[in-house]
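Novice: turn this into a model:
(one chain, ligands or ions: 1)
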Amino acid sequence: MFKVLVTEHIAEPGINILKSQPDVELTYDPELFRNFERILEIIPEYDAIITRSGTPVNKELISKAKKLKVIGRAGVGVDNIDLEEASRRGILVVNAPTGNTLAATEHTMGMMIAAARQIPYAHKSLKDERRWDRKKFMGVELSGKTLGIIGFGRIGSRVGIRAKAFDMKVIAYDPYIKKEKAEKLGVELVDNLDTLLERADVITVHTPLTDETRNMITRKEIEKMKDGVILLNIARGGIINEKDLYDALVSGKVRAAAVDVFVKEPATDNILLEAPNIIVTPHIGANTYESQTNVAVIIANQVLAALRGEQVEFS
Ligand code: MLT
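Specialist: All right, here's what the predicted structure looks like:
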């Protein structure tokens, strides 16, 4: 029997797949990620662990996981997993990179429009304060503006396609992709980050969080941007330095920002919550019924294949 531990909420179809396997004994405790000490206590018994981004699968956890064969990440980002330690111990790490692409893309588009038109502020003013304040909420149009996409992978490229339908000029910076891929989509791939920073009216980041991308956007990079730029981070907390973004919102250098992800989550006391002209959501970029079903099914099947020594399809 393979013992599988799921420490966060994953959608029912994925859980049902795991439950229905005769060779699997499943522990599904979607709130367990809040109790790291308990995870450390029980992890030695398990052959597999499945998490979202809330469980730090760090060196400490991996060192106690004597039987662990596979770590399943129900989502894209593996920044909560110590990959080096897992690989050193011969533990396979699998994720579901394709499952929530559209959810994150659509959340980005929603956040972009919301930031450009201050929709949440206008909503709050009318609904909570019963004010009919038409003058206060002046926005900017996206049409004719330049969108700069940092990271032109699955999500970044889909954001680009949608932005073109809004008549935006789209430029992208991504040292890992070929110019032709961008050109095919009518997107100009620029050679360096500074060019993008200088030319874009709206900037959105879609890279994983790595040593290379952590603090990719700090005060120094923000200074190179146009005055009144709109900045979006629906990717990972820490790609844009939080304190520097806060200062730029206060000074007005950045007109508006939209942020779904934070350095430390849950982020109920983050400095960005105090900033003006910012729209925040609690890491819900991937939260659609469709995407959560996708990632849950993908990860359940990947983990089963890995446990049984079958070929794992990296979708
Ligand atoms: C991801 O990495 O898949 C998303 O950020 C959503 C999540 O953390 O589950």
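Novice: max-length helix in this structure?
Specialist: helix 289-307 (DSSP state H).
Novice: contact partners of it?
Specialist: With contact meaning CB atoms under 8 Å, 6 or more residues apart in numbering, helix 289-307 is reached by 2, 4, 10-15, 17-18, 21, 24, 47-48, 50, 69-70, 72-75, 92, 94-96, 98-104, 286, 310-313, 315. Using the backbone N, CA and C atoms, a C-beta is placed for each residue, glycine as well.
Novice: neighbours of the residue in the chain that the ligand sits nearest to, how many?
Specialist: Closest to the ligand within the chain is Gly75: 2.3 Å, counting by CB to the nearest ligand atom. Here the number of neighbours of Gly75 (other CB atoms under 10 Å) works out to 26.
Novice: and the stretch 151-300 of the chain, which of its residues are near the ligand?
Specialist: Gly285, Ala286 (CB under 6 Å from any ligand atom).
Novice: hmm, back to that, mind listing what's buried in the longest helix of the chain?
Specialist: Judged by neighbour count (16 or more other CB atoms under 10 Å), helix 289-307 contains these buried residues: 291-307.
Novice: skipping adjacent residues, who's closest to Arg89 in space?
Specialist: Nearest non-adjacent residue to Arg89, counting by CB to CB, 6 or more residues apart in numbering: Ile62, 6.1 Å away.
Novice: I'd say the one you found and Ala86 touch.
Specialist: Yes. The pair Ile62 and Ala86 qualifies as a contact (CB atoms under 8 Å) at a distance of 6.0 Å.
Novice: OK, contacts around Asp260?
Specialist: With contact set as CB under 8 Å, 6+ apart, Asp260 has these partners: His107, Met111, Asn233, Ile234, Val280, Thr281, Pro282, His283, Ile284, Gly285.
Novice: distance check, the third one against Glu106.
Specialist: Here the distance between Asn233 and Glu106 works out to 16 Å (CB to CB, to the nearest Å).
Novice: when these two are compared, which one has more neighbours?
Specialist: Asn233 (27 against 17).
Novice: what about the helices in the stretch 101-250 of the chain?
Specialist: Along the stretch 101-250 of the chain, the segments classed as helices by DSSP state H, counting those that start in this stretch run 101-117, 119-127, 154-165, 179-184, 193-199, 219-224, 242-251.
Novice: pull out the buried residues from the fifth one.
Specialist: This points to helix 193-199. Neighbour counts using 16+ other CB under 10 Å place Leu193, Leu196, Leu197, Arg199 of helix 193-199 among the buried residues.
Novice: of the residues you listed, closest to Lys224?
Specialist: Taking CB to CB as the measure, Leu197 is the one of the buried residues of helix 193-199 closest to Lys224, at 4.3 Å.
Novice: ok, and the closest non-adjacent residue to that closest one?
Specialist: Spatial nearest neighbour of Leu197, chain neighbours left out: Lys224 (4.3 Å); criterion: CB to CB, 6+ apart.
Novice: and that neighbour, how far from Leu245?
Specialist: With distances taken as CB to CB, Lys224 is found 14 Å from Leu245.
Novice: what about the two, which has more around it?
Specialist: Ranked by neighbour count (other CB under 10 Å), Lys224 and Leu245 place Leu245 first, with 24 against 14.
Novice: hang on, isn't that one packed against Glu274?
Specialist: No. Using CB under 8 Å, Leu245 makes no contact with Glu274, being 11.6 Å away.
Novice: packing partners for the helix or strand hosting Arg38?
Specialist: For Arg38, the element it lies in under DSSP states H and E is helix 36-42. Here helix 36-42 touches helix 59-64, going by 3 or more CB pairs under 8 Å, 6 or more residues apart in numbering; DSSP states H and E.
Novice: which residues touch the helix it packs on?
Specialist: By CB under 8 Å, 6+ apart, the surrounding residues in contact with helix 59-64 are Phe36, Ile39, Leu40, Ile43, Pro44, Leu68, Asp82, Glu85, Ala86, Arg89, Ile91.
Novice: pLDDT averaged over that helix - what is it?
Specialist: Mean pLDDT, helix 59-64: 98.
Novice: so how far is Glu290 from the residue of the chain most remote from its centre?
Specialist: Most distant from the centre of the chain: Trp132, at 35.2 Å, with distances by CA atoms, centre = their mean. Distance, Trp132 to Glu290, using CB to CB: 37 Å.
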